[in-house]
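Visitor: All I have is the shape, not the residue letters:
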């Protein structure tokens, strides 16, 4: 059987390592989703420009206040 202090310490270390691994994978997954979305936007803009269109990325002009 395990000793009380040593076994609990190893279990806590194992849980901490598993949690850190999960956090790293979650951050990488979120970064991957953001990257894919941004690349998709850039690809759509490039396709529009390559088709010869001029209004692919309209510029929003703020209204003037008198």
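Guide: That came through fine. Keep in mind that this is a model prediction, so the values were computed, not measured. Numbers count the residues shown, from 1 in each chain.
Visitor: make it CA atoms for all contacts and neighbour counts henceforth
Guide: Noted.
Visitor: Tell me where the protein is predicted with low confidence.
Guide: Applying pLDDT under 70 to the chain flags the ranges 1-6, 66.
Visitor: let's see it at 90
Guide: For the chain, residues meeting the criterion pLDDT under 90 lie at 1-10, 12, 53-66.
Visitor: ok, now how distant is the residue nearest the centre of it from residue 44?
Guide: What sits nearest the mean C-alpha location of the chain, by Cα atoms, centre = their mean, is residue 31, with 2.3 Å. Look at residue 31 and residue 44: by Cα to Cα, to the nearest Å, they are 20 Å apart.
Visitor: Might you calculate how far stretch 25-39 sits from the centre of the chain?
Guide: Distance, stretch centre to chain centre, for stretch 25-39: 3 Å (Cα atoms, centre = their mean, to the nearest Å).
Visitor: can you give me the strands in this protein?
Guide: With strands called from DSSP state E, the chain shows none.
Visitor: Which parts of it are helices?
Guide: Shown for the chain, the helices assigned by DSSP state H span residues 4-50.
Visitor: Check the gap between the residue nearest to the centre of the chain and residue 22 for me.
Guide: If you measure residue 31 against residue 22 using Cα to Cα, the figure is 14 Å.
Visitor: Nice, that's everything, thank you.
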